[in-house]
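[1] attaching a predicted model along with its sequence, questions to come.
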Amino acid sequence: MSIDAEVGQELAPLTLTFTREDLVRYAGASGDFNPIHWSDRRAAELGLGSVIAHGMLTMGRALRVVTDWVGDPGRVRSYAVRFTKPVPVPDDDAGAEVVVTAKVTQVADGVATVALEALLGETRVLGSAVAEVRVD
């Protein structure tokens, strides 16, 4: 099944919520128990205002804007990001909301290049985020 893709096409935006519970679950799954992801005291010792989400959790969840569009994570050929700002996660039930948007920037030889933007409020948390996906 091929996916309709054209340069300039905007994908449906995705709002992600990160809670402390998400961080605990990700730490267990990934083995990343760095205390900046669970201890406000340890985060403060490093100058952080709060516990922060794991970068790889943020990166992985942001890609869902693309995988939801193509319908199959197996279509992703490559994905790269630069972490620009951490995602502080408050100790409450609401958590932190990151809005992910994406736009097709190139289509060639059955592959679409998609640029992603992830914003926490007005703060960009991922930079140079680009995925290549098979669309043929």
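    Thanks, I have the structure now. Numbering: from 1, shown residues only.

[2] what packs against the helix or strand containing Ala102?
    Secondary-structure element containing Ala102, defined by DSSP states H and E: strand 96-108. In terms of contacts (3 or more Cβ pairs under 8 Å, 6 or more residues apart in numbering; DSSP states H and E), strand 96-108 is packed against strand 14-18, helix 55-62, helix 64-70, strand 111-120, strand 123-134. Yep, even glycine has a C-beta here, placed from its N, CA and C like the rest.

[3] 7 Å instead?
    strand 14-18, helix 64-70, strand 111-120 (3 or more Cβ pairs under 7 Å, 6 or more residues apart in numbering; DSSP states H and E).

[4] just how off-centre is the longest helix seen in the chain within its chain?
    Using DSSP state H to define each element, the chain has its longest helix at helix 20-30. On the basis of Cα atoms, centre = their mean, to the nearest Å, helix 20-30 sits 15 Å off its chain's mean C-alpha point.

[5] pull out the buried positions in the next helix or strand after it.
    Remark: after helix 20-30, the chain's next helix or strand is helix 40-45, criterion DSSP H and E. Using 16 or more other Cβ atoms under 10 Å as the test for burial, helix 40-45 gives Asp40, Ala43.

[6] related to what we said a few turns ago, would you mind putting the helices and strands packed on strand 96-108 into a markdown table with mean pLDDT alongside?
    Compiled in a markdown table, the helices and strands packed on strand 96-108 are given as follows (pLDDT from 0 to 100):
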| stretch | mean pLDDT |
| --- | --- |
| strand 14-18 | 98 |
| helix 64-70 | 98 |
| strand 111-120 | 98 |
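
[7] can you tell me what sits against stretch 41-55?
    18, 20, 23, 26, 30, 32, 35-40, 83, 86-90 (Cβ atoms under 7 Å, 6 or more residues apart in numbering).

[8] what about burial for those residues, which qualify?
    Counted by 16+ other Cβ under 10 Å, these give Phe18, Arg20, Leu23, Tyr26, Ile36, His37, Asp40, Pro86, Val87, Pro88, Val89 as buried.
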